[in-house]
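S.K.: Prediction below, plus the sequence it came from.
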Number of protein chains: 2
Amino acid sequence: MAKLKAVNIPEKLSMVTTHWDPHVVAQYNGNDIMVVKFKGEFDFHSHPDTDDFFLVLAGEVILDGEDGDRVTLGPGELCVVPKGMTHRPRAKEEAMVLLIEPEGEPNTGDPETAAKKPRI
Amino acid sequence: MAKLKAVNIPEKLSMVTTHWDPHVVAQYNGNDIMVVKFKGEFDFHSHPDTDDFFLVLAGEVILDGEDGDRVTLGPGELCVVPKGMTHRPRAKEEAMVLLIEPEGEPNTGDPETAAKKPRI
């Protein structure tokens, strides 16, 4: 049985119709590799036990940090938000993102409000 | 001091002039996020203790596995080679890849022959 599988990211993104709703497309050492569409403003939150990896594939994403810290990411730009740092992702227009977080990590930092992260 | 940093992948790739020579551009939970240019055939090898993450940014990459297993990856396609699986990356023409491996992991699977993985 083939163990090597190609994951086509644009194809996976075409299956996602909601915003702020990460979908798992692969796994790496206990981390979820996810595609997600951003539009509007997410809540400020933090992940006390993990870094948070964002790679913008299309559109523009702003990450607001603490004390006025901020980055704007266009296609082909990535940012790793350090563990424990409060941050807020936002996108004026729809943006496409590759996200990496440990399996089971709530995307909001809080299991109560977290998205389900379905596998596609 | 700003903790959020944008890493522009094409800009980083423009600094890489060699093949099969991963350069570290960011870190995520003890993993190196690397850019690398492939051209020609790498050696068959395995990583006994870790999965191996490949995302093709430009060009075409073939991953040969065991028992005739093989995938061809174009831009926007990723593959995670399972821990311990023997594989060989190759590219007929130059290809650009985002690679993720744990910090210190030899890219060849063998510290004796591994590339240095400089930080850029």
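M.R.: Yep, that arrived. Numbers count the residues shown, from 1 in each chain, chains lettered A, B, ... in the order given.

S.K.: List the residues that contact A:Phe44.
M.R.: Counting by C-beta atoms under 8 Å, 6 or more residues apart in numbering or on different chains, A:Phe44 touches A:64, A:86-88. To be clear about C-beta, it is placed using only N, CA and C from the backbone, and glycine gets the same treatment.

S.K.: Please disregard the earlier target; I meant A:Pro106.
M.R.: A:Pro106 neighbours (C-beta under 8 Å, 6+ apart): A:113-114.

S.K.: Go ahead and report the secondary structure state at it.
M.R.: coil (DSSP: H, G, I helix; E, B strand; the rest coil).

S.K.: helices and strands around the strand or helix carrying A:Val35, which ones?
M.R.: Per DSSP states H and E, A:Val35 falls inside strand A:31-41. Here strand A:31-41 touches helix A:9-13, strand A:23-28, strand A:88-102, going by 3 or more C-beta pairs under 8 Å, 6 or more residues apart in numbering or on different chains; DSSP states H and E.

S.K.: Take it, keep the C-alpha atoms, and write them as PDB.
M.R.: Output in PDB follows, covering the C-alpha atoms of strand A:31-41 (Å, rounded to 0.1, in the frame of the first residue of the first chain):
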ATOM      1  CA  ASN A  31       1.300  18.200  14.800                       C
ATOM      2  CA  ASP A  32      -1.700  19.000  12.600                       C
ATOM      3  CA  ILE A  33      -0.900  20.500   9.200                       C
ATOM      4  CA  MET A  34      -4.100  22.500   8.500                       C
ATOM      5  CA  VAL A  35      -5.500  24.800   5.800                       C
ATOM      6  CA  VAL A  36      -7.700  27.600   6.900                       C
ATOM      7  CA  LYS A  37      -9.500  30.600   5.500                       C
ATOM      8  CA  PHE A  38      -9.300  33.900   7.400                       C
ATOM      9  CA  LYS A  39     -11.700  36.800   7.000                       C
ATOM     10  CA  GLY A  40     -12.400  39.500   9.500                       C
ATOM     11  CA  GLU A  41     -10.900  39.600  13.000                       C
END
